[in-house]
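> can't give you the sequence, but here's the structure:
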């Protein structure tokens, strides 16, 4: 406001100064302001001539009158006798001459006074004229300065207007960013919650139901770890576009962060409509998504809650959808679940796990179980795989996958894996002390851990501390980690090989590694994922895959272990395909270390 007042005041000053410069200064100032000094002198001379002519004219009239009277007197004197009358006439003549002289002198004095007054007035006018000219120049200078200031101020006004426009545009952009996800341009959680509240109010008035979906991408973390975050970001944008394309204009899809999305399905006729929408989304996302000419596969887990069936609170609806989503995720990739009240128990279970795991790790309440890996031709245990177990005091036994997921969410994965390796080394030492011939033990390690700079050194220090030979350890890494930091992975693997540690690729066939990667990596063992073993009797394609893996392993001189063998039939098919090393419940379930001394291997079939 003050800025615009300054501008108004300056404009007023400029206008006033210009008006002052053009305004006449009194009755005669305009005359003298317009004419130069020589013009004033000319006027003065004309004035003097006029005054002199007037006085001379009056004087001539007086002289003529007095001359006429004098001649009349002289005539009268000549015709009269010497008498008293003649004396009077003479006296009158003398008086008239005297008056004439005085009148002439008075006119001359008047002339001098008038000339002096006119000269004084002329001088004053010249002085005033010069002052006016000086003032006019000063005023012109001042007006010019004010105009210059006005131009500068106008430029400043334009700059401020531009800045104001930029600020307005920036505020608009900031408002948009505060309500939208920067990557996918979808509404964010804040805008979604506002629309959810509006949907509740709208549905109350119209007596309609609507659904809230919570969606989480299955396998997204794997893509980030293998092909990189730039691919992950492009995948998220592609998924967001797919979600938006499936929905109506009255629906809302938002990204909450990471690989989590939420959807409002407005004005549904029946709950089954939400199930139909979920099936369409799952089917669409299941198809490979092309990112930078590379097909990427993910699934989506969906939790669904209904208004007003489950709640009329926005926050409760979101919580319910989240709980239902985790229940769907527990059933495997690509599932959806409607919220049920008993799901809250599962949510409380997850919270209890998160709160208990740090203390359990610190207090050593976790346990290591061991599952045998056998050579069916030799009828002997050739390896053990160390598997994590946790007998929770309230929840019972917790699966390794659940423990690792919880540890990852709590950023405890690396400390947990270091604890596992130390426990395995201690157990090997205990077995050897008891006189047992200990086969190499397989220990799972995450890609985040093995990529750390000090991993190999820490591994070596732990083995030395427990007096365990490094060739007693086999490190299992998932196939998915092979693409990420490939050169660094090769370097780490070679360092481990130099220490005597073997490397096994776990869950082979489920990731994105190429045959070229397998050829270049210094690995010694391939473990075929159990998903290819489970349907061997019914699936010819699974048999073909196992046969191809065996051929590949033979060509690269790699050891092959089949995981998840549970039946005699599976074992026989694998043997017929040339795979003699197996692991699964058929040969023995994971057991505590003290029970591993008396494992009975099924006889040759």
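Ah, there it is. The shown structure was predicted, so the numbers you read here are calculated from the model rather than taken from an experiment.
> tell me who's in contact with the residue nearest to residue 524 when sequence neighbours are not counted.
Nearest non-adjacent residue to residue 524, counting by C-beta to C-beta, 6 or more residues apart in numbering: residue 502, 4.5 Å away. Using the backbone N, CA and C atoms, a C-beta is placed for each residue, glycine as well. Contacts for residue 502 were tallied using C-beta atoms under 8 Å, 6 or more residues apart in numbering; they are 440, 471, 473-475, 524-525.
> got phi/psi on the residue nearest the centre of the chain?
Using C-alpha atoms, centre = their mean, the residue of the chain that lies closest to the mean C-alpha position is residue 182, 5.6 Å off. The phi/psi pair for residue 182 (degrees, to the nearest 10) reads phi -70, psi -30.
> next one: residue 522
The phi/psi pair for residue 522 (degrees, to the nearest 10) is phi -80, psi 70.
> equivalent analysis for residue 210, please.
Backbone torsions for residue 210, taken as degrees, to the nearest 10, come to phi -150, psi 160.
> now swap in the one 4 residues further on and tell me
Listed backbone geometry of residue 214 is phi -120, psi 130, with angles given as degrees, to the nearest 10.
> show me the contacts for it.
By C-beta under 8 Å, 6+ apart, the residues touching residue 214 are 260-262, 302-303, 318, 321-322, 324-325.
> check residue 470 too.
460, 463, 499-501.
> can you check residue 319 too?
Shown in contact with residue 319 (C-beta under 8 Å, 6+ apart): residue 347.
> element containing it, please.
When elements are assigned from DSSP states H and E, residue 319 belongs to helix 314-330.
> which parts of that helix are buried?
314, 317-329 (16 or more other C-beta atoms under 10 Å).
> over to stretch 178-187?
Residues 180-181, 184, 186-187 are the ones in stretch 178-187 that count as buried (16+ other C-beta under 10 Å).
> farthest-apart pair in those, please.
Pairwise distances across those (C-beta to C-beta) peak at 9.5 Å, for the pair 184 and 187.
> tell me the mean pLDDT for the helix or strand containing residue 546?
Using DSSP H and E, the element containing residue 546 is helix 540-555. If you average the pLDDT over helix 540-555, you get 91.
> how far off centre is the helix or strand harbouring residue 561?
Assigning secondary structure by DSSP H and E places residue 561 in strand 559-562. The chain centroid and the centroid of strand 559-562 are separated by 49 Å, computed with C-alpha atoms, centre = their mean, to the nearest Å.
> rewinding a little: can you pull the residues that touch both of residue 184 and residue 187?
residue 255.
> immediately after the longest helix along the chain, which helix or strand?
Ranked by residue count under DSSP state H, the longest helix found in the chain is helix 84-179. Note on helix 84-179: by DSSP H and E, the next helix or strand toward the C-terminus is helix 189-206.
> for residue 532, grab the count of nearby residues.
The burial count assigned to residue 532 is 23, neighbours taken as other C-beta atoms under 10 Å.
> sorry, back to before: now the buried residues of stretch 178-187 as JSON lines including pLDDT and distance to residue 365?
As requested, the buried residues of stretch 178-187 are exported to JSON lines (pLDDT from 0 to 100; distance: C-beta to C-beta, whole Å):
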{"residue": "180", "pLDDT": "92", "distance to residue 365": "45"}
{"residue": "181", "pLDDT": "92", "distance to residue 365": "40"}
{"residue": "184", "pLDDT": "93", "distance to residue 365": "42"}
{"residue": "186", "pLDDT": "94", "distance to residue 365": "43"}
{"residue": "187", "pLDDT": "95", "distance to residue 365": "43"}
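> between those residues, which is nearest residue 208?
Using C-beta to C-beta, residue 187 comes nearest to residue 208 of the buried residues of stretch 178-187, at 21.0 Å.
> and the contacts of stretch 231-240?
Applying C-beta under 8 Å, 6+ apart, the contact partners of stretch 231-240 are 181, 183-186, 217, 220, 223-224, 253, 255, 259, 261, 285, 289, 291-292, 294, 296, 298.
> so what's residue 491 scoring on pLDDT?
Looking at residue 491, the pLDDT reads 85.
> separation between it and residue 524?
Going from residue 491 to residue 524 by C-beta to C-beta, to the nearest Å gives 17 Å.
> one more: residue 282?
Applying C-beta to C-beta, one obtains 39 Å for the distance of residue 282 from residue 524.
> again with residue 388
Distance of residue 388 to residue 524, given as C-beta to C-beta: 24 Å.
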